[in-house]
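In: how does the following fold in three dimensions:
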Amino acid sequence: MDRPTSDFFISYAHEDQAWAEWIAWVLEEEGYSTILQAWDFVAGSNFVIEMDRAVREAGRTIAVLSPEYMRSDFTALEWAVAVAKDAKGLARKLLPVRVAKCNVDGILAQIVWVDLVDCDAEEAQHRLATAAKGERLKPSTRPGFPGAPERQVPAQPPYPSDGARLVNVPRRNRNFTGRESALEALHAALKEEQEATLPQAVIGLGGVGKTQLAIEYAYRHEDQYELIGWMRAEEEESLIVDLFSVARAMGLKLAAATSPEDMLGRLHRALAERNDWLLVFDNAGGPGTLRKYLPKSGSGHVIITSRNPNWRSLANPIDVNPFERHESIAFLLKRTGRTEDDGADAVAEALGDLPLALEQAGGYMEQTAMDFRRYATLFEKRHTDLWKGQEAPNNYHATVSTTWSLSLEKLQAQSPASIALLQLSSFLAAEEIPAFLLHDGAEELPAPLAEAAAEEVALSEALAGLRRYGLIEVSDAGYSVHPLVQTVVRDGLDKKSYAAWLTSAVRVLVKVHDFRKDDPSSWTICTRLLPHVAAAVGHAEEHGIVLQQCGYLLNDAGLCLLNGANLQLALQYFARALKIDETVYGPDHPKVATMVNNLGSVLQDLGQLKEAKAAFERALKIDETVYGPEHLKVATMVNNLGSVLQDLGQLKEAKAAFKRALKIDEKVYGPEHLKVARSVNNLGAVLKDLGQLKEAKAAYERALRIFERFLGHEHPKTHTVRSNLEALGKSS
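Out: As a prediction, the model looks like this:
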């Protein structure tokens, strides 16, 4: 039998990490080896594989019993392995250690546990060590005399059952979910600071859960501090009030007339003499407003939460992003008390995985017994009704509707160009809005955004204003706005402003999205703008605004998609463009003919030849009626019709179409034009398919002569015709 690689694997819920670390430390002092997730699962390893290895290779398992442990599905899998190895308990493979009062039932209730509840550190260490050795659990100190009139309770030492003195710390969120990597990053960063206090700035979008993360950290590591102070840092008045509370909690004697400056100086001196404190400055505006309030020295810890990302001059920034999708689903299940996640993904998608929005949604669904799918559907159609009248959830500063309102009000006064930029951006796609869209389309924008967009430094300042308030994220690819920020901004516009900004978004896209088949640089630009075309046109179609420009945009985007062989999406765009143009111009307008022709092209590429033929015939009929039978536009339509007829095997009809197109081109351009060469080459191909090889050879030779004359011998079109001619020679 293989020997175990470790004496104990310690199984615990993440809320009890402090207990688990204390237990592991005590056991290793006693000479045992342990496996602990917090210490032994290194970054980059596979959690599931590491856990499987730990429970299999450890000689025994310690289960750290608490309410959280008993509720967890994952911990049950861990202790069950130990029970399976030793069903009768003869080898004592499973050693439960109760660290908090909880209801232990089922199989675990049949196993004798070590109880550390309500005992001091010395007694707890004695109980744990003797249990690990399998010895009698005789107390380490003489029991007190039961007949004493009042039992003396010794002062409790600082080990996990005690915790710090909490000053103003908000109540712990019982629905806190996920964020393990962020909590670990924060803990690791704070542990590294041994000599001087380097604040850790938890930064991110409003409603992303920065405050919740700091609250959870404070409670999870409560045992490591003697004092944890919480300051509301968004306003100077509340910050000073909370600092006074911390100063008094530290034992400073402050008279009623003590000035904030005097209090702050005394508090900083007191903090400099200790290393057992944690201060949290919640919702701080920026380094400039907070700098003088931070401790200048000492080895305690400071956490700052802020929407402003510009903290590197003062603190180490730790980014907090919206939930990963699996975290959103886990949160919704926990918040609503449900076990089936059907539709939870749709809710998370609709809310952009923003924790505040998920909290509001969970509360609403809990109150109304609404299922996930119904909520997601209602949110898409009637989110303002769902948000109406909702109060801020516990420990959150505001609701989704109000969380950015103060920032927007301040920014309106400080930088009107920033607000204008955000209003325009609310009608574009949320991710990667490129700066070139604003710069190249500046002339289509209203003041003051037009002036800012036209000049690089001014545009950078407008973006910096939004970034300072956590309203956008900036990257090399552009800037991004959370979908719910966009929703709130659009909701705040009156009807006239809504139409104006939507019109500006469409017009700037019309200006910059200019697909040209012969210019590869336009392909890259248009491809990057496709999500923004989809977003802006979607809003415009919903409200019936600037439809004419929308038809143009959809067509131009369709051509870009067709060029990139994204045929199904191109088909959708052309169909939408056609529907708009039929509404705007009527069914028989030349612009409609162009749309129908483009639709025919993608249908042909998709192999839907009968549908393509019908489209080309409709386009041809419109152009013949409008321009007459000998017009160049008619020649183009006839040529396209000939192509699909050839694909359908209707070769005689295709030959007649190509000859008609050639006759029109020769009449307009003369016999030696490039346009003529195109028609001659097409005619040669169908003549070849008909077996009329002599006539096909003459057509190819004529086309080759024209291409060599105008394009040169090495042009791709010249090579194509030459290859056609060579292939014909081999087959004759």
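
In: am I right that residue 321 sits in a strand?
Out: No - using DSSP: H, G, I helix; E, B strand; the rest coil, the assignment for residue 321 is coil, not a strand.

In: pretty sure it sits against residue 208.
Out: Yes - using C-beta atoms under 8 Å, residue 321 makes contact with residue 208 at a distance of 6.7 Å. Heads up, the C-betas are built off the backbone N, CA and C, glycines and all.

In: more neighbours: the two, which one.
Out: Counting neighbours by other C-beta atoms under 10 Å for residue 321 and for residue 208 shows that residue 208 has the greater number, 25 against 14.

In: tell me the contacts of the more buried one?
Out: By C-beta atoms under 8 Å, 6 or more residues apart in numbering, the contact set of residue 208 is 320-322, 354-356.

In: just the buried ones from those?
Out: 320, 322, 354-356 (16 or more other C-beta atoms under 10 Å).

In: okay if I get the residues you listed as JSON lines plus pLDDT?
Out: Listed next are the buried ones among the contacts of residue 208 as JSON lines, based on pLDDT from 0 to 100:
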{"residue": "320", "pLDDT": "87"}
{"residue": "322", "pLDDT": "87"}
{"residue": "354", "pLDDT": "83"}
{"residue": "355", "pLDDT": "81"}
{"residue": "356", "pLDDT": "80"}
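
In: what's the closest of the residues you listed to residue 653?
Out: residue 322 (58.1 Å; C-beta to C-beta).

In: was I right to think that closest one contacts residue 356?
Out: No - taking C-beta under 8 Å as the definition, residue 322 is not a contact partner of residue 356, at 9.9 Å.

In: quick check: residue 170 vs residue 211, distance?
Out: Noted for residue 170: a distance of 8 Å to residue 211, by C-beta to C-beta, to the nearest Å.

In: could you tell me the end-to-end distance of stretch 92-111?
Out: Taking C-alpha to C-alpha, to the nearest Å, the first and last residues of stretch 92-111 lie 9 Å apart.

In: nope, stretch 410-427 is what I meant
Out: First-to-last residue span, stretch 410-427, C-alpha to C-alpha: 22 Å.

In: make 559 the first number, not 1, from now on.
Out: With 559 as the first residue, the last one maps to stretch 968-985.

In: backbone dihedrals for the spatially most central residue of the chain, please?
Out: Nearest residue to the geometric centre of the chain (C-alpha atoms, centre = their mean): residue 880, 5.7 Å. As for residue 880, its main-chain torsions (degrees, to the nearest 10) stand at phi -50, psi 160.

In: for the one 5 residues further on, same thing?
Out: Reported as degrees, to the nearest 10, the phi and psi values for residue 885 are phi -70, psi -40.

In: with adjacent residues omitted, what lies nearest to it?
Out: residue 736 (3.5 Å; C-beta to C-beta, 6 or more residues apart in numbering).

In: what is the burial count for the one you found?
Out: Neighbours of residue 736 (other C-beta under 10 Å): 18.

In: using the three-state scheme, assign it.
Out: Going by three-state DSSP: residue 736 is coil.

In: my understanding was that it contacts residue 880; is that so?
Out: No - in this structure, residue 736 is not within contact of residue 880 by C-beta under 8 Å, at 10.8 Å.

In: per-domain residue ranges of this structure.
Out: Annotated domains of the chain cover 564-691, 723-877, 883-945, 963-1066 [automatic domain parsing].

In: just how off-centre is the longest one within its chain?
Out: The chain centroid and the centroid of domain 723-877 are separated by 27 Å, computed with C-alpha atoms, centre = their mean, to the nearest Å.

In: got it, and stretch 610-629?
Out: Worked out by C-alpha atoms, centre = their mean, stretch 610-629 lies 34 Å from the chain centre.

In: which parts of that stretch are buried?
Out: 611-613, 616-624, 626-628.

In: what about dumping the CA coordinates of the longest helix along the chain to PDB?
Out: The helix spanning the most residues in the chain, taking DSSP state H as the definition, is helix 1078-1101. This file holds the C-alpha atoms of helix 1078-1101, laid out as PDB (Å, rounded to 0.1, in the frame of the first residue of the first chain):
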ATOM      1  CA  PRO A1078      -7.900  46.700 -48.400                       C
ATOM      2  CA  SER A1079      -7.400  49.400 -45.800                       C
ATOM      3  CA  SER A1080     -11.100  50.100 -45.900                       C
ATOM      4  CA  TRP A1081     -11.800  46.400 -45.200                       C
ATOM      5  CA  THR A1082     -10.100  46.600 -41.800                       C
ATOM      6  CA  ILE A1083     -11.800  49.800 -40.800                       C
ATOM      7  CA  CYS A1084     -15.300  48.600 -41.800                       C
ATOM      8  CA  THR A1085     -14.800  45.200 -40.000                       C
ATOM      9  CA  ARG A1086     -13.900  47.000 -36.800                       C
ATOM     10  CA  LEU A1087     -17.000  49.100 -37.100                       C
ATOM     11  CA  LEU A1088     -19.500  46.300 -37.800                       C
ATOM     12  CA  PRO A1089     -20.600  45.900 -34.100                       C
ATOM     13  CA  HIS A1090     -21.200  49.600 -33.900                       C
ATOM     14  CA  VAL A1091     -23.300  49.600 -37.100                       C
ATOM     15  CA  ALA A1092     -25.400  46.800 -35.700                       C
ATOM     16  CA  ALA A1093     -26.000  48.600 -32.400                       C
ATOM     17  CA  ALA A1094     -26.800  52.100 -33.900                       C
ATOM     18  CA  VAL A1095     -29.000  50.700 -36.700                       C
ATOM     19  CA  GLY A1096     -30.800  48.500 -34.200                       C
ATOM     20  CA  HIS A1097     -31.800  51.500 -32.100                       C
ATOM     21  CA  ALA A1098     -32.700  53.500 -35.200                       C
ATOM     22  CA  GLU A1099     -34.900  50.700 -36.600                       C
ATOM     23  CA  GLU A1100     -36.700  50.400 -33.200                       C
ATOM     24  CA  HIS A1101     -37.600  54.100 -33.200                       C
END
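
In: that'll do, ta.
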